[in-house]
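Trainee: predicted structure and sequence below. I'll ask about it afterward.
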Amino acid sequence: MNSDVQKDIVETFKKLNEVFSKFSENEINQIPFQRSWTSGQVVQHIILACSGFPQLFSGNTEKTTRKPDEKIKDIEGLFLNFSIKMDSPIFLIPAKKEYSKNELSLELLKIESELLDCAEKYDLTLTCLDFEVPGFEKFTMYEWIDFALVHTQRHTHQLNTIFQYITKL
């Protein structure tokens, strides 16, 4: 399971970085349309949502009494449905500020590295007890990584939309 998870991590972040690399330093701070985040804010949101996995995984856990991937279908069904608009929890809303493309890119590399490390060294079938996504029960480590990747895929799609909009102006 772990090597497949690591391949998924690499592939997800490769696609994210391909899209993000298209933006110029100026474009990452450009508001594409009313009530939208900039691409810099979207990437910062991904960083906020995908940070802290080493701490979460080294926290309180228990042996899982259900299939370790049981919630994945629900996670993917929700986050990969691009026709619905979601509101971010307040603690994941990125600041309205000028972002540095290089700094954001370095943070993405750090998160990818942390996720790869977690996938390698932890038993992904264990359930994490210290945090849960609102609307869901506790996730296994495997589901947490899937959540991070599916959430990133959702926002990679959003970045593509923002880039298309900005380059049409």
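Mentor: Sure thing, it's come through. None of the values given here were measured: they were computed from a predicted structure.

Trainee: same question for the lowest-mean-pLDDT helix or strand in the chain: list its buried residues.
Mentor: Taking mean pLDDT, DSSP states H and E as the measure, the helix or strand of the chain with the lowest value is helix 72-79, at a mean of 93. Judged by neighbour count (16 or more other C-beta atoms under 10 Å), helix 72-79 contains these buried residues: 72, 75-76, 78-79. From N, CA and C alone the C-beta is placed, and that goes for glycine too.

Trainee: which one of these sits closest to F53?
Mentor: Using C-beta to C-beta, I75 comes nearest to F53 of the buried residues of helix 72-79, at 15.2 Å.

Trainee: mind checking how far the closest one is from C128?
Mentor: 14 Å (C-beta to C-beta, to the nearest Å).

Trainee: can I get the least confident helix or strand of the chain as CSV, trimmed to CA atoms?
Mentor: Written as CSV, here are the backbone C-alpha positions of helix 72-79 (Å, rounded to 0.1, in the frame of the first residue of the first chain):
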residue,chain,number,x,y,z
ILE,A,72,-12.1,7.3,0.6
LYS,A,73,-15.0,7.0,-1.7
ASP,A,74,-16.9,9.7,0.3
ILE,A,75,-13.8,12.0,0.4
GLU,A,76,-13.2,11.7,-3.3
GLY,A,77,-17.0,12.0,-4.1
LEU,A,78,-17.1,15.3,-2.3
PHE,A,79,-13.8,17.0,-3.1
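
Trainee: so which helix or strand takes in G135?
Mentor: For G135, there is no enclosing helix or strand under DSSP states H and E.

Trainee: in the protein, which residue is closest to the centre?
Mentor: T152 (3.5 Å; C-alpha atoms, centre = their mean).

Trainee: average pLDDT for stretch 117-129?
Mentor: For stretch 117-129, mean pLDDT is 97.

Trainee: typo on my end, stretch 155-164
Mentor: 96.

Trainee: quick check: which element contains the residue nearest to D69 when sequence neighbours are not counted?
Mentor: Excluding the flanking residues, the one nearest D69 by C-beta to C-beta, 6 or more residues apart in numbering is Y142, at 5.8 Å. For Y142, the host element (DSSP H and E) is helix 141-168.

Trainee: looking at the buried residues of helix 72-79, which one is closest to S100?
Mentor: Using C-beta to C-beta, F79 is the member of the buried residues of helix 72-79 that lies nearest S100, at 27.2 Å.

Trainee: the closest one reaches A148, doesn't it?
Mentor: No - contact criterion C-beta atoms under 8 Å: F79 and A148 do not qualify, at 10.4 Å.
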